[in-house]
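Peer 1: Below are the sequence and a predicted model for it; my questions follow.
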Amino acid sequence: MAEGFEKPGAPSVAETTSGEHRLVVAHNPQVAAEMKAARRARIAAIEADAQRRADQLDAQDQGQRSRGRRATDRGAYLRFVEAVKEAGLSRILKPDLKSDRFSWHLDEEALKRLEAFDGKLILLTNAKDLDAAEVVDRYKRLADIERGFRVLKQDIAIAPMHHRLPERIRAHGLICFLALLLHRVMRPKLSEHSPSAALRQLKSLQLHRLSAGGKAVRGISTASDETRAILKQLDLPLPETDRL
């Protein structure tokens, strides 16, 4: 993986051999710490929700009623497995399917093995005319290009293109290129959001127009702390009604 290696702090690079090939390993401690913290936070959130469901089942068995539908062990298992799958933690958080009651366990050994690869980029190459640092740099460039194509296809949706006239096709391509350029400018400025996630959050800022008694009133929706933080990272002022 190369995600995150463009962040400040040059990774340390080491090299060994694997058969007839060179094995190059780059390690970025900052990226490793961020990946570990993010994963641990996801685990804590899933376990907290699972514990809440387990407590609800215990209280229900003791005759305590709660609002809504009656909770079941099967329902708790299904929600737990779905949450674990969405978080990509199926190798770490595992349901105890043989237990009579809803329960789960954390595979500490699997977690340690996964954390051992955090912040590391492992490359196998037969290139002999590049030193280890150049191998890592070339791969990062390739990964960056592939990321750009992925953004064009998924986030910007350059295709399918429903145009027939050449000038409209060129205009569509130009707009998508400018959107990709904006994406590239935003990415290094954002610390906790991807450009796509930041744009989704910024959509909460809306200009409202209201006509009452022959008078028009305009106003902007209240910006959350998260929205303000994103605008600050992008060096953008909070929109004002009189400027729109």
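Peer 2: Perfect, I can see it now.
Peer 1: switch to C-alpha atoms for all contacts and neighbour counts from now on
Peer 2: Fine.
Peer 1: Could you report the separation of A45 from L238?
Peer 2: Separation of A45 from L238 (CA to CA, to the nearest Å) stands at 32 Å.
Peer 1: I should have written L231 there, sorry.
Peer 2: From L231 across to L238, the span is 7 Å (CA to CA).
Peer 1: Can you pick out the residue with more neighbours from those two?
Peer 2: L231 (17 against 12; other CA atoms under 10 Å).
Peer 1: Is the more buried one in a helix, a strand, or coil?
Peer 2: helix (DSSP: H, G, I helix; E, B strand; the rest coil).
Peer 1: Against Q60, how distant is it?
Peer 2: With CA to CA as the criterion, L231 and Q60 are 47 Å apart.
Peer 1: Could you do L202 as well?
Peer 2: For L202, the distance to Q60 - CA to CA - is 42 Å.
Peer 1: Show the residue spans covered by the helices in this protein.
Peer 2: For the chain, the helices defined by DSSP state H cover 29-61, 73-86, 108-115, 132-154, 166-186, 195-202, 225-233.
Peer 1: Throw those into JSON lines and include distance to R67, thanks.
Peer 2: As requested, the helices of the chain are exported to JSON lines (distance: least, CA to CA, whole Å):
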{"stretch": "helix 29-61", "distance to R67": "11"}
{"stretch": "helix 73-86", "distance to R67": "16"}
{"stretch": "helix 108-115", "distance to R67": "36"}
{"stretch": "helix 132-154", "distance to R67": "41"}
{"stretch": "helix 166-186", "distance to R67": "45"}
{"stretch": "helix 195-202", "distance to R67": "32"}
{"stretch": "helix 225-233", "distance to R67": "32"}
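Peer 1: Would you tell me which of those gets closest to D96?
Peer 2: Of all those, it is helix 73-86 that lies closest to D96, at 9.0 Å by CA to CA.
Peer 1: V13 and L23 touch, don't they?
Peer 2: No: if you go by CA atoms under 8 Å, V13 and L23 don't touch, sitting 10.7 Å apart.
Peer 1: Could you report the neighbour count for G214?
Peer 2: If you count neighbours by other CA under 10 Å, G214 ends up with 7.
Peer 1: cool, H27 as well?
Peer 2: By other CA under 10 Å, 19 other residues sit near H27.
Peer 1: how about it, what does it touch?
Peer 2: Listed by CA atoms under 8 Å, 6 or more residues apart in numbering, the contact set of H27 reads 11-13, 119-121.
Peer 1: tell me the pLDDT at the residue sitting nearest the centre point of the chain?
Peer 2: Central residue of the chain (CA atoms, centre = their mean): S194, 6.6 Å from the mean position. On the pLDDT scale, S194 is placed at 85.
Peer 1: what do you get for Q62?
Peer 2: 85.
Peer 1: so where is the chain shaky, pLDDT-wise?
Peer 2: Along the chain, the parts satisfying pLDDT under 70 run over 1-10, 66, 68, 241-244.
Peer 1: Please parse it into its domains.
Peer 2: Domain ranges of the chain: 31-115, 146-199, 201-243, per automatic domain parsing.
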